[in-house]
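Participant: heads up, no residue letters with this:
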């Protein structure tokens, strides 16, 4: 079929379609470029976190997007949710959130790096971690 046989769209309509497609491609390209560094940092943080999780914690994280740790001094159980703040819940004996804790590194880090720091702090020096942490009332949700 030659181009003479195809019905031609009006010039303004074709131009509008071409401009819309060009703008969409430019926006997609900019989003990709902007997120390039951020995604790389997030990916490295996730890889490092996964290397430090026990097999049980890793399985739990893969299924639930959180993992549990045991405090080294009290033996209390804490649930660290994926995130970079207000993401730690101290659990009661039934596994329900009792108290929320928030402590993060000073610098802005990827979520995986923050979660790893929280895990190490609670497992290695729980008292010092909780001494600087801020508590909050957690909402009990099925995350």
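Facilitator: Sure, I can see it. What you see is a predicted model; the values in this text were computed from it and never measured.

Participant: residue 133 touches residue 100, doesn't it?
Facilitator: No. With contacts counted by C-beta atoms under 8 Å, residue 133 stays clear of residue 100, the gap being 9.4 Å. For the C-beta atoms, the positions are set from N, CA and C on the backbone; glycine is no exception.

Participant: and the single longest helix found in the chain, what does it pack onto?
Facilitator: Looking across the chain with DSSP state H, the single longest helix is helix 11-52. Judged by 3 or more C-beta pairs under 8 Å, 6 or more residues apart in numbering; DSSP states H and E, the packing partners of helix 11-52 are helix 111-132.

Participant: elements contacting the helix it packs on?
Facilitator: Contacts defined by 3+ C-beta pairs under 8 Å, 6+ apart place helix 111-132 against helix 11-52, strand 66-70, strand 77-81.

Participant: so for that helix, mean pLDDT?
Facilitator: Taken as a whole, helix 111-132 carries a mean pLDDT of 97.

Participant: now stretch 94-105
Facilitator: For stretch 94-105, the mean per-residue pLDDT is 95.

Participant: the lowest-mean-pLDDT helix or strand in the chain vs strand 66-70, what angle?
Facilitator: When the helices and strands of the chain are compared on mean pLDDT, DSSP states H and E, helix 11-52 comes out lowest with a mean of 78. Relative orientation of helix 11-52 versus strand 66-70 (axes from the mean of the first three to the mean of the last three C-alpha atoms, to 10 degrees): 20 degrees.
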